[in-house]
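Asks: Sharing a sequence plus its predicted fold:
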Amino acid sequence: MTNQRSFKARVRTRMEKTGESYTTARRHLINRAAPPDTPPTPTSTAASPSAQTEPTAAAAAAQTERIADDLIRARTGRGWADWFALLDAASASEWTHTRIARHLVTVHEVPGWWAQTVTVGYEQARGLRAPGQRRGGGFEASASRTVAVPALRLFEAFADETTRARWLPDVEVRVRTATAPRIFRADWAGGPTRIVVGIGAVGESKARVSIVHEKLTGAEQAAELKAYWRERLAALKVLLETNGDH
């Protein structure tokens, strides 16, 4: 509780200096503490936790190992141990993923993406899921990248077959949904796995892509595909930012 009070005091101090509303001042303080490339999941919305999909942890590391305690504290007002103790007191280990995330948003005012992050960390710590695994079973791999092109151009790199072949060669992709410039879903290499791609603008000249590869067989495959997608998104970034010159 002390950490939350301290954060609220910082918000009010900024309000006095800048004349901003409480919500605006709070958002600026949260964003200032964020890592530069932390994306939302493809279909997440901060305002509605019930509509969000779960973020996927790295296959090789737990959420608490990937995300430092200081960062969680800066973004949410509490560290990992504090959140775990609070959720244990509420018997949250008996709740669904959605209920835990909604509780963090509505009761403790945790921003939507970070409510999902804390929820995954808690579920892993209490043995409700393994790193890289969804709460109900099954594994996923995720990767993200910020590219210095508009969102529509980044979307077209997935949706346009010719462009896609330049950075994602020799892969069969069957498109399921392509909603410009935000969402691209496709079956991967004939199935049964699939990819879900979310794209969001970062100002006028940059966009962030977040990809989740679903329905994987286990942690080993998730780790391999996570490395694969990091490499492919790096290639995509070079292709688009150099106009295909390299």
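Replies: That came in fine, so what should we check first? Numbering: from 1, shown residues only.
Asks: ok, the longest strand seen in the chain: who's next to it in the sheet?
Replies: The longest strand of the chain (DSSP state E) is strand 206-216. Applying DSSP bridges to the sheet, strand 206-216 is found paired with strand 139-147 (antiparallel), strand 194-202 (antiparallel).
Asks: Burial-wise, tell me which of the ones you listed comes out on top.
Replies: strand 139-147 (a mean of 22; mean count of other C-beta atoms under 10 Å). Using the backbone N, CA and C atoms, a C-beta is placed for each residue, glycine as well.
Asks: any weak-confidence spans in this structure?
Replies: 1-8, 14-61, 132, 134-137, 244-246 (pLDDT under 70).
Asks: Next, the residue nearest to W95 when sequence neighbours are not counted: secondary structure please.
Replies: Nearest residue to W95, sequence neighbours excluded (C-beta to C-beta, 6 or more residues apart in numbering): H103, at 7.5 Å. What DSSP: H, G, I helix; E, B strand; the rest coil gives for H103 is helix.
Asks: the inter-axis angle of the longest helix along the chain versus strand 194-202?
Replies: Longest helix of the chain, by residue count under DSSP state H: helix 219-241. On the basis of axes from the mean of the first three to the mean of the last three C-alpha atoms, to 10 degrees, helix 219-241 is oriented at 40 degrees to strand 194-202.
Asks: which other residues reach helix 219-241?
Replies: 58-60, 130-133, 139-145, 147-149, 153-154, 157, 166-168, 209, 211, 213, 216, 246 (C-beta atoms under 8 Å, 6 or more residues apart in numbering).
Asks: Quick one: buried ones out of these?
Replies: Among these, those scoring as buried are 58-59, 130-133, 139-145, 147, 149, 154, 157, 167-168, 209, 211, 213, 216 (criterion: 16 or more other C-beta atoms under 10 Å).
Asks: Just give me the neighbour total for D170.
Replies: Residues lying near D170 (other C-beta atoms under 10 Å) number 6.
Asks: And it, how far from A189?
Replies: Distance of D170 to A189, given as C-beta to C-beta, to the nearest Å: 10 Å.
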